[in-house]
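*Asks:* Build me a model:
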Amino acid sequence: MAVGGCTFSSDDIVVKSPNDRRLYRYIQLPNGLCALLVHDPDIYMDGPPGSAQPDGISEDDADEEDDEDDEEESGEEEDDEDGDDDEGNEGRESAKSNAPQTKKAAAAMCVGMGSFSDPLDAQGLAHFLEHMLFMGSAEFPDENEYDSYLSKHGGSSNAYTEVEHTCYHFEVKPEFLQGALRRFSQFFISPLVKSEAMDREVLAVDSEFNQALQSDACRLQQLQCHTAAPGHAFNQFFWGNKKSLSDAMEKGINLRDQILKFYNDFYHGGSMKLVIIGGETLDVLESWVLELFSKVKTSNALKSEVKQGLPIWSPGKIYRLEAVKDVHILDLSWTLPCLRKDYTKKAEDYLAHLIGHEGRGSLLFFLKAKGWATSISAGVGDDGMHRSSIAYVFGMSIYLTDSGLEKIHEIIGFVYQYIKLLRQNSPQEWIYKELQDIANMDFTFAEEQPQDEYAAELSEHLLIYPPEHIIYGDYAYKVWDAEMVKHVLTFFTPDNMRIDIVSKSLNKSKDVQNEPWFGSKYTEEKIPPSFLELWKNPPEIDVALHLPAKNEFIPQDFSIRADKVMTDSEGASPPECILDEPLMKFWYKLDTSFRFPRANTYFRVTLNGAYRNLKNVLLTELFLNLLKDKLNDIVYQASVAKLETSISLVSDKLELKVYGFNDKLPVLLSKVLETAKSFVPTDDRFVVIKEDMERNLRNANMKPLNHSSYLRLQVLCQSFWDVDEKLGLLNTLSLTDLKGFIPELFSQLYIEGLCHGNLFEEEAKNISNIFKKYFSVPPLPSEMRHKDNILCFPPSADMVRDVTVKNKLDTNSVVELYYQIEPEVASNLPKSKALVDLLDEIVEEPLFNQLRTKEQLGYVVDCSPRVTYRILGFCFRVQSSEYTPIYLQGRIDNFINELEGLLSALDDESFQNFKSGLIAKLLEKDPSLTYETNRYWGQITDQRYMFDLSAKEAEVVKSLQKGDVKDWYNTYLRKSSPKCRRLAVRVWGCNTNINESNPVSTSVQVINDPVAFKASSMFYPAFC
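*Replies:* Coordinates of the predicted model:
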């Protein structure tokens, strides 16, 4: 039953987009807790179910997936600069068709307390508390109850700690929202904070810290904290690790008492902002909030103590930080007052738009012309340190070339010339109006996000915006205030500037200091007064620096094409092929689902001979990078107007994507293709781009997780170009080589494309004609297009590949255990995928619970299906800074061996829950046009063209029995089966000894030379 009522309630206070069909209610409880209730009519298209599902405490023992620090599988190949990490559509396919589509329910709680509140003698306590709230409550004492419940019902959870808030969020199948909320609410009412769980979670916090230990961005942030003024809120160690928390205990501090005091001081109704998104009526959602969250304790008078008014950093210094990667970054920071109350003016964003601009007249355009910089970013960051109630920090990061590193003082001089230009040219209302128009159209036609991300975002906004602008606040350019812009500009002075230089090149002859937590080496030097004086008032402004031109890409036409034709209102029909010629195959689908003035046009242009040999691969990459460099000012202007361009290389295919508001899309595509056709690289840009490519190749595989994926693909793919070999050959290539190669590259082509969105079929055909206009060449025959052949593991294969970490200071080791299943067979594909996906659904949470939560092997513990150029596989991964790869593999093997017992013990109700959870994921409604386009594109690039694959898979899942999953396990994962074929990739951290890797078993095949190994191996026929 509901307890009491609301002290405030409104259904019409929240300003929302005219196209947003969701209903919003803002309420406040007597205990001070504020909640935003969101009724999403798309969750239950035919109305909510008549009776709620039972949501009592689960009796089975499915284990916990403490997913609070979710390591997203899709990010596996995040360092894609070497171009070899493409694995087709790896991960779970989810193409849908006519089956009824579903949406998840979600919730988030943002607590207005974060790392700024850490006690100095227990740094990292706020982050540690976030971990501990997952470890059981008085009503649900099992540590894994919350995540086990979510896992069984198609859900997941996450959490993060910022400097002034901590956010917890989850998503789940909608009919289980109430049960999930019942468990979630107890985080904020009666957490147990068990001592034995604390001992383990200290290790989880430490593993998380070790993940970040070799990140240059994290090292820079911590250096800025370490060198902040003593007593300032910045002058702390926010991450927390084993040392910071164990040190507290060694000083006699009872960490459990401290954490409970921390919780009692800050976790109360007045600091909590709740968001719930469900398909139920607002009245039902409100009754759940009253029932479940009224027991949150009432606000107390204690406020998080924030030390204001103190300057963050001492002026007049340059800090040089030794980088992990081969980079040169000039980072400038100016401290501004907190501008939160002026969010409708966005003066700081007006200045960020100009200082970070990339078009003609901009700082970047100017510095690139000099060969000193390759990219720039500017503005007040979104993270808490840069956007806190204490101060805003306006940052500017300039990525430098080798010659730029020698010109630091000159570059800063030009930055101040541009700032002087902004002072001399009074703030321009027309520029603000452009930003206002773009923000307004973006708000009006805002695309939906995944539900849990939206819930988390809204809960954060409840902390910083008034209720009416919870949604609109980020888009609000309501008040043009030229005086406010001038006022903010007064803070851009040398006396208020911090300079950091992040580079491998650190002068060790200077007085080198160590940052205590990350162990980073840095130097500190004073800026000569003559430079400070020069920067204060530059005597001249270079004529090449000027304000940007008017943006020609801001759309004017927002009409919806689907309103003008008879359409399938459900949008269920797949793309149709409207052109199939020797030169081009083109797919088209009019958007009838979202009805926004947006379109996505994707193309893959197969180039002649681009992947034939290593030299061709490098010359193609050079051409592509030089082309992107040439296009940057045009592409940037369009991106400001929310029309984006992506250009990348996938084997011998140039992938071009132009997407966003559709009005000016053909104009941009024409400019891009015209430039690509007529472009002739110049010597000065060739030198800079080649240097940048060399740097990227040197930085490839620095992260052990990326390295392990790279090594797996190196074994699997018949054609694979080694990073070190690429680096060696790249040094020898000249501009003459490139100019001689380009005509051959474009002499024959094959183009496949997709046009999806707010465009008529005739408009789509016109877009295909733009290609024909600029690239009317003979078609590239099918046999001349590169296809990827994948290694066929022999029966009972048990192979291992051992390599040390590339970064010799990285303590993290990785084991990636890959099981090869079968090639895709169209007639059996839905069942093959159903079995592998259902096993993943069942196994993921117990794996995490056993190897991370209980055994604390490391921060990353996961498993997932793999689809490598249409060869099915399954992968287990663990990353650890504490244990050797041999030990890690032993623990994974032990878990796999015990899976038979776990599957046998699975009761029928739990099995059905896992099935229905998977079906919900397979049929989940796309949040936006982009998600839908990407699904179709995955089917096209894999040359599978099964646009209804997930609907077919969902049908198969319904009929699967527990015996089917056990048979699959016994066939492919049990070592005694000849179809159990696996490859263990082991990356050895710097604190381990790779000589321990010698196999105990003679049946294990060690791969020392992948090239020689593949020369005597069998390969599957290529699919794509």
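*Asks:* the helices in the stretch 551-700 of the chain, which residues?
*Replies:* 614-640, 665-678, 683-699 (DSSP state H, counting those that start in this stretch).
*Asks:* burial of I560, as a residue count?
*Replies:* 14 (other CB atoms under 10 Å). From N, CA and C alone the C-beta is placed, and that goes for glycine too.
*Asks:* Quick check: closest non-adjacent residue to it.
*Replies:* R595 (5.1 Å; CB to CB, 6 or more residues apart in numbering).
*Asks:* What of W372?
*Replies:* G404 (3.4 Å).
*Asks:* Helix, strand or coil: sort out the one you found for me.
*Replies:* helix (DSSP: H, G, I helix; E, B strand; the rest coil).
*Asks:* again with I742
*Replies:* Quick answer, by three-state DSSP: I742 is helix.
*Asks:* Can you verify my assumption that it contacts L624?
*Replies:* No - if you go by CB atoms under 8 Å, I742 and L624 don't touch, sitting 11.0 Å apart.
*Asks:* More neighbours: those two, which one.
*Replies:* Using other CB under 10 Å as the criterion, I742 and L624 rank with L624 on top: 21 against 17.
*Asks:* residues touching the more buried one, list them.
*Replies:* Contacts for L624 (CB atoms under 8 Å, 6 or more residues apart in numbering) come out as I647, S648, L649, L654.
*Asks:* partners of the first one in the sheet?
*Replies:* Per DSSP bridges, residues listed as beta-bridge partners of I647: L656.
*Asks:* Local confidence estimate at E576?
*Replies:* Per-residue confidence (pLDDT) for E576: 96.
*Asks:* Now do the closest residue to it other than its chain neighbours: how many residues are near it, please.
*Replies:* For E576, ignoring the flanking residues on the chain, the nearest one in space by CB to CB, 6+ apart is Y588 at 6.1 Å. Other residues lying near Y588 total 23 when counted by other CB under 10 Å.
*Asks:* Can you give me the distance of the residue nearest to W372 to S505?
*Replies:* To S505, G404 is 12 Å away according to CB to CB, to the nearest Å.
*Asks:* Now do the shared contacts for those two.
*Replies:* H328.
*Asks:* Compare neighbour counts for these two and give me the winner.
*Replies:* A direct count of neighbours by other CB under 10 Å for G404 and S505 places G404 higher, at 22 against 13.
*Asks:* Relative to E694, how far out is that one?
*Replies:* On the measure of CB to CB, G404 and E694 end up 15 Å apart.
*Asks:* returning to that earlier point: show me what contacts the residue nearest to W372?
*Replies:* H328, L330, L367, G371, W372, A373, I398, I411.
*Asks:* Next, count neighbours for the second one.
*Replies:* Other residues within reach of L330 by the criterion other CB under 10 Å amount to 25.
*Asks:* and what of the first one?
*Replies:* Using other CB under 10 Å, H328 is surrounded by 24 other residues.
*Asks:* Could you do the fourth one as well?
*Replies:* Number of residues near G371 (other CB under 10 Å) recorded here: 17.
*Asks:* Can you tell me how far it is from V327?
*Replies:* Taking CB to CB, one finds G371 at 17 Å from V327.
*Asks:* next one: the last one
*Replies:* Relative to V327, I411 is positioned 16 Å away (criterion: CB to CB).
*Asks:* So for the two, which sits in the more crowded spot?
*Replies:* I411 (21 against 16).
*Asks:* Test my guess that the more buried one contacts I398.
*Replies:* Yes - here I411 lies in contact with I398, judged by CB under 8 Å, at a distance of 6.7 Å.
*Asks:* who touches both of the two?
*Replies:* Contact criterion CB under 8 Å, 6+ apart; residues shared by I411 and I398: L330, L367, A373, G404.
*Asks:* now these as CSV including secondary structure, pLDDT and distance to W517?
*Replies:* Converted to CSV, the shared contacts of I411 and I398 look like this (DSSP: H, G, I helix; E, B strand; the rest coil; pLDDT from 0 to 100; distance: CB to CB, whole Å):
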residue, secondary structure, pLDDT, distance to W517
L330, strand, 98, 24
L367, helix, 98, 33
A373, strand, 97, 30
G404, helix, 97, 30
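*Asks:* JSON lines please, covering those residues and showing distance to T941.
*Replies:* Output for these, formatted as JSON lines (distance: CB to CB, whole Å):
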{"residue": "L330", "distance to T941": "38"}
{"residue": "L367", "distance to T941": "36"}
{"residue": "A373", "distance to T941": "34"}
{"residue": "G404", "distance to T941": "37"}
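*Asks:* In this structure Y659 contacts E644, no?
*Replies:* Yes - the criterion here is CB under 8 Å, and Y659 meets it with E644 at 5.5 Å.
*Asks:* higher neighbour count, those two?
*Replies:* The residue with more neighbours, out of Y659 and E644, is Y659; 21 against 16, by other CB under 10 Å.
*Asks:* In contact with H546, which residues?
*Replies:* G361, L421.
*Asks:* Name the helix or strand for it, please.
*Replies:* For H546, there is no host helix or strand (DSSP states H and E).
*Asks:* before we move on, what about the one 3 residues further on?
*Replies:* A549 belongs to no helix or strand when assigned by DSSP H and E.
*Asks:* Listing request: residues of the chain with sub-threshold pLDDT.
*Replies:* 1-4, 50-100, 300-309, 567-571, 999-1001 (pLDDT under 70).
*Asks:* burial measure for the closest residue to D402 other than its chain neighbours, as a count.
*Replies:* If the residues on either side of it in the chain are set aside, D402 comes closest to E691, at 6.3 Å by CB to CB, 6+ apart. If you count neighbours by other CB under 10 Å, E691 ends up with 15.
*Asks:* what's the answer for the one 5 residues further on, then?
*Replies:* The tally of other residues near N696 (other CB under 10 Å) stands at 21.
*Asks:* One more: L33?
*Replies:* L33: 24 neighbours (other CB under 10 Å).
*Asks:* Give me the spatial nearest neighbour of it, chain neighbours excluded.
*Replies:* G269 (3.9 Å).
*Asks:* circling back: surely the residue nearest to E576 and D580 touch.
*Replies:* No - at 11.8 Å, Y588 and D580 do not qualify as touching, with contact defined as CB under 8 Å.
*Asks:* Would you mind measuring from L220 to T161?
*Replies:* From L220 over to T161 (counting by CB to CB), the distance is 19 Å.
*Asks:* Please apply the same query to E816.
*Replies:* Counting by CB to CB - E816 and T161 are separated by 29 Å.
*Asks:* And for F8?
*Replies:* 29 Å.
*Asks:* same check, this time on E533
*Replies:* Distance from E533 to T161, by CB to CB: 42 Å.
*Asks:* of the two, who's got more company?
*Replies:* T161 (25 against 10).
*Asks:* Compute the number of surrounding residues for I994.
*Replies:* 17.
*Asks:* is the spatially closest residue to it that is not a sequence neighbour in a bridge, and if so with what?
*Replies:* Nearest residue to I994, sequence neighbours excluded (CB to CB, 6+ apart): W988, at 4.5 Å. Beta-bridge partners for W988, by DSSP bridges, are T804.
*Asks:* W988: neighbour count?
*Replies:* 23.
*Asks:* With N894 instead?
*Replies:* For N894, the neighbour count with other CB under 10 Å is 12.
*Asks:* quick one: it from L851, how far?
*Replies:* 9 Å.
*Asks:* next one: K346
*Replies:* 46 Å.
*Asks:* okay, those two: which has more neighbours?
*Replies:* With neighbours defined as other CB under 10 Å, K346 and L851 compare such that K346 has more, 27 against 23.
*Asks:* Make sure Y522 is indeed in a strand.
*Replies:* Yes - judged by three-state DSSP, Y522 forms part of a strand.
*Asks:* bridging residues for it?
*Replies:* L321, Q513.
*Asks:* Does it touch V512 like I think?
*Replies:* Yes - Y522 is within contact range of V512, at 7.3 Å (criterion: CB under 8 Å).
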